[in-house]
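*Asks:* Quick check, what structure comes out for this input:
(one chain, ligands or ions: 1)
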Amino acid sequence: MAEIGFIGLGIMGSGMVANLAAAGHHVTVWNRTTAKAEAMASDAISVAGTPAEVASVNDIVMVCVSDSGDVEAVVFGKDGVADGLREGSLLIDHSTISPSATVGFARRVNDVGAHWLDAPISGGSEGAKNGTLSIMIGGDGAQVTRAMPFLEAVGGTITHVGEQGAGQLVKAVNQILVVVNQLAASEALMLAEAGGLDLNKTLDAVSGGAAGSWMLSNRGPQMIKRDWRPGFTIDLQQKDLRIVLKAADELGVPLPGTALVFQMYRALQAQGLGSEGNHALVKALEDLAGFELAASDDDG
Ligand code: NAP
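*Replies:* Numbers count the residues shown, from 1 in each chain. Modelled structure (predicted):
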């Protein structure tokens, strides 16, 4: 039974820890809200008092918290992971955070002789629960190999994409594709609605061709049912788009489509819709158009 530490038992972290334990590993966990950690305790899962304690009893520690400042807090704050790192320790950050902040954090960890992999994830709560996450990894290849038994317990597609920070940059690329595809699905269905088309037949007709996408196939049917339950909330999507737009600003790259979607989501947040799924983007177009998608099919 191999030993690993894990910090952050949110929607994603709790599923990943369950899969690490199911794969036969012993996991030492810490979560800011202690009750969530205690609820997971078992023979295979021990609860530590601080992030430093997790790092002091494990050579490899995974982290999955919300944003750049939160990673900084659990790694470099009081009783943080950094206080327990030793020469040769490995920290794997699964959070989606800023690529440039990542490079700075990695350097500080490398300065004490420890290693850092940025390994953001994609695949939603379903992927975390089923152990099928896509993991995009930046950092040293030898450390990726060392981490592989643990990564394979939580992920289905594991890709080493480059040096430290590259994993987070690929995740930013991923999020551009997610939101611009969402805008395309929204505009397409609004035109179909305005033209009086049968929306289900329209989806059937276009999903298998060159216009098809994961977003259209998975969220299109939800939009037609006006089912706004989240796979990924607008609020978390906006956190990621802030990261994307900051990286684009730093690199001097214009991203007009992504910037437009960011403003549309901001309008929806101002209406109190931040906890709805990111496919509720179509509601911003409905406000502009003055009619609703699939209004006659509204099942509440
Ligand atoms: P979540 O359910 O909101 O959980 C966030 C976790 O981070 C909780 O354990 C929380 O502790 C902890 N945390 C946040 N700020 C902290 C701080 N300052 N100090 C200590 N702990 C802190 O979020 P999630 O959905 O698991 O997402 C985690 C990461 O994965 C995010 O970067 C997210 O963008 C990314 N991600 C999420 C999805 C998804 O579909 N949900 C998909 C891909 C990637 P408490 O329990 O005490 O609040």
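*Asks:* Please count neighbours and contacts with C-alpha atoms only from this point.
*Replies:* Noted.
*Asks:* all strands of the stretch 101-250 of the chain, in order?
*Replies:* Secondary structure of the stretch 101-250 of the chain, counting by DSSP state E, counting those that start in this stretch: strands at 115-118, 121-122, 133-138, 155-162.
*Asks:* Let's have the ones you listed in CSV, adding mean neighbour count and distance to residue 212.
*Replies:* Formatted as CSV, those follow (neighbours: other CA atoms under 10 Å; distance: least, CA to CA, whole Å):
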stretch, mean neighbour count, distance to residue 212
strand 115-118, 28, 31
strand 121-122, 24, 19
strand 133-138, 26, 20
strand 155-162, 17, 21
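*Asks:* Between these, which one is closest to residue 188.
*Replies:* Comparison of these against residue 188 by CA to CA identifies strand 121-122 as nearest, at 25.1 Å.
*Asks:* Show me what that closest one is packed up against.
*Replies:* Packed against strand 121-122 by the contact rule (3 or more CA pairs under 8 Å, 6 or more residues apart in numbering; DSSP states H and E) you find strand 133-138.
*Asks:* ok now the strand it packs on, how far from the chain's centre?
*Replies:* Relative to the chain's own centre, strand 133-138 is displaced by 10 Å; criterion: CA atoms, centre = their mean, to the nearest Å.
*Asks:* can you dump the C-alpha coordinates of that strand into CSV?
*Replies:* Extracted C-alpha coordinates of strand 133-138, given in CSV (Å, rounded to 0.1, in the frame of the first residue of the first chain):
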residue,chain,number,x,y,z
LEU,A,133,-10.4,12.8,-15.3
SER,A,134,-8.3,14.3,-18.0
ILE,A,135,-5.1,15.5,-16.4
MET,A,136,-2.7,18.0,-18.1
ILE,A,137,0.7,18.1,-16.5
GLY,A,138,3.5,20.6,-16.4
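*Asks:* got the contact list for it?
*Replies:* 117-124, 127, 144, 154-168, 170-171 (CA atoms under 8 Å, 6 or more residues apart in numbering).
*Asks:* And residue 173, how far from residue 179?
*Replies:* 10 Å (CA to CA, to the nearest Å).
*Asks:* Let me fix that, I meant to ask about residue 207.
*Replies:* Separation of residue 207 from residue 179 (CA to CA): 17 Å.
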